[in-house]
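Chemist: Sequence and predicted structure are below.
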Amino acid sequence: HNSKKSKITRTLPTAAASNISSPINENEENMNDIEQYKPHYLKVSDRIFKQLFANGSDNGSQLVKCLNTPEKIQCIREVTEITNNFHFKDFQEKLWQTYATISSTDNKWESKITKKFAHEHNTCRMYRPKKSFVQQRQIIIVKQKQQLQIKLQENLSQLLNQIVTWQPSIDTTLLSDAIDTCVRHNLRRLKEEYLFKMDMIKLNWADQNLIRKFYELIPNDDVIQAAKQLWQIAADELRTKENQEIFRQCIYLKRLPNKIEQLLNNLLDHNRKTVNNSFYDEDQRASCDSRCLKMINQCQFNLMLIYLDEFTMCLDRYEKTYQKLKDQLKKNNRENPIIYT
């Protein structure tokens, strides 16, 4: 899937029956990119763990001061890790529930479109696990959550019994709430990734359903080409809006895109080599350095203006082209309603 945080569609693409490949064996999608955002409390150093705990809840800083022995830290680590794993399994459960909900309403769920067809229609070859596999994953995750729940209760009970003897003393309710808050805080990015993934599953499925319905109308070649043009324009417009938003974020953060920033850094390096020439005195070096910095800053400003103008012109061009194609389709419909209705 493309790395777009929003997907706005005028015409949503989906797969025609003649271009759907037969189901093939496909492994579960690689989740490593998402799971890299999952904290591992048992693997980090004591210092890092205490920092994560302190930053993760309102009372974390005060509670960390009470964790003055490796044994105390390890007890909290274990409960925090189990809580973390429980929430992680909860995200996975919701993801597989999304697959289950969609696949249960689609008789052609296990059919897959070809790469060529996906490219021509500006859609994605989404992962479509077999319904039996989805059910299997759901059952496994439910059992894993139940086991984690039992393990969490056992570890919490042990921890609460040990806390009674700790000095300085710790409020048990405060500690329990702090652990849960800390875990939720540090799982924010992972949660966002899972929510995004679930949204993309729904959007890609909607795309491919609508394309399938389009081809069920048995359109002629002219209508198919016009539809492909509309989909291409919509996709290009979305990519341009995405790049525009990225550039706006760069401006907000006062940073240019990496390639441009690297180019300007090279100019600065060249400038430093020049002003370090032994024939320059200190005043000449300072004057040359100042002039170069002013020119580079002006260059940055000019580049920002050029990029913003380009984005605006591109979006305007997409809008006009899109409208022109729509008008042409309406005209064709009036002239030959049997084909274009």
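Modeler: Received, thanks.
Chemist: which residues of the stretch 101-250 of the chain fall in strands?
Modeler: 112-113 (DSSP state E, counting those that start in this stretch).
Chemist: which residues in it form helices?
Modeler: Secondary structure of the stretch 101-250 of the chain (DSSP state H, counting those that start in this stretch): helices located at 115-120, 131-163, 172-186, 188-216, 221-252.
Chemist: any chance of those helices in TSV, with mean neighbour count and distance to residue 75 too?
Modeler: From N, CA and C alone the C-beta is placed, and that goes for glycine too. Conversion of the helices of the stretch 101-250 of the chain to TSV gives the following (neighbours: other C-beta atoms under 10 Å; distance: least, C-beta to C-beta, whole Å):
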stretch	mean neighbour count	distance to residue 75
helix 115-120	15	51
helix 131-163	14	5
helix 172-186	18	10
helix 188-216	18	24
helix 221-252	16	42
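Chemist: From residue 181, how far out is residue 174?
Modeler: 10 Å (C-beta to C-beta, to the nearest Å).
Chemist: coming back round to it: same list (the helices of the stretch 101-250 of the chain) but as JSON lines, adding mean pLDDT and distance to residue 103.
Modeler: Converted to JSON lines, these look like this (pLDDT from 0 to 100; distance: least, C-beta to C-beta, whole Å):
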{"stretch": "helix 115-120", "mean pLDDT": "90", "distance to residue 103": "19"}
{"stretch": "helix 131-163", "mean pLDDT": "94", "distance to residue 103": "5"}
{"stretch": "helix 172-186", "mean pLDDT": "91", "distance to residue 103": "30"}
{"stretch": "helix 188-216", "mean pLDDT": "93", "distance to residue 103": "9"}
{"stretch": "helix 221-252", "mean pLDDT": "86", "distance to residue 103": "25"}
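Chemist: for these, which one sits closest to residue 86?
Modeler: Closest approach to residue 86 among the helices of the stretch 101-250 of the chain is made by helix 131-163 (4.5 Å; C-beta to C-beta).
Chemist: For that closest one, which helices and strands make contact with it?
Modeler: Helix 131-163 is packed against helix 70-103, helix 172-186, with contacts defined by 3 or more C-beta pairs under 8 Å, 6 or more residues apart in numbering; DSSP states H and E.
Chemist: Redo those helices as JSON lines? Include distance to residue 282.
Modeler: Output for these, formatted as JSON lines (distance: least, C-beta to C-beta, whole Å):
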{"stretch": "helix 70-103", "distance to residue 282": "55"}
{"stretch": "helix 172-186", "distance to residue 282": "51"}
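Chemist: Please work out how many residues are found near the closest residue to residue 151 other than its chain neighbours.
Modeler: Excluding its sequence neighbours, the residue lying closest to residue 151 (C-beta to C-beta, 6 or more residues apart in numbering) is residue 82, at 5.6 Å. Applying other C-beta atoms under 10 Å, we find 21 residues neighbouring residue 82.
Chemist: for residue 82, what are its contacts?
Modeler: 148, 151-152, 155 (C-beta atoms under 8 Å, 6 or more residues apart in numbering).
Chemist: Could you measure from the residue most central in space within the chain over to residue 91?
Modeler: The centroid of the chain falls nearest to residue 193 when counting by C-alpha atoms, centre = their mean (5.0 Å). Computed as C-beta to C-beta, the residue 193 to residue 91 distance reads 9 Å.
Chemist: likewise residue 239?
Modeler: From residue 239 to residue 91 the distance is 29 Å (C-beta to C-beta).
Chemist: Quick check: can you list the domain ranges of the chain?
Modeler: According to the domain assignment given by automatic domain parsing, the chain is divided into the following structural domains: 17-218, 252-340.
Chemist: Now do the contacts for the residue nearest to residue 75 when sequence neighbours are not counted.
Modeler: Of all residues not flanking residue 75 in the chain, residue 159 sits nearest, at 5.3 Å (C-beta to C-beta, 6+ apart). Applying C-beta under 8 Å, 6+ apart, we find residue 159 in contact with 75-76, 79, 175.
Chemist: Tell me what angle the top helix by length along the chain forms with helix 221-252.
Modeler: The residue-count maximum for a helix in the chain (DSSP state H) belongs to helix 282-335. Using axes from the mean of the first three to the mean of the last three C-alpha atoms, to 10 degrees, the inter-axis angle of helix 282-335 relative to helix 221-252 is 150 degrees.
Chemist: Can you spell out which helices and strands pack onto helix 282-335?
Modeler: So helix 282-335, by 3+ C-beta pairs under 8 Å, 6+ apart, packs with helix 221-252, helix 258-275, helix 337-340.
Chemist: Next, format those helices as TSV and append distance to residue 139.
Modeler: Below are these laid out as TSV (distance: least, C-beta to C-beta, whole Å):
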stretch	distance to residue 139
helix 221-252	38
helix 258-275	45
helix 337-340	49
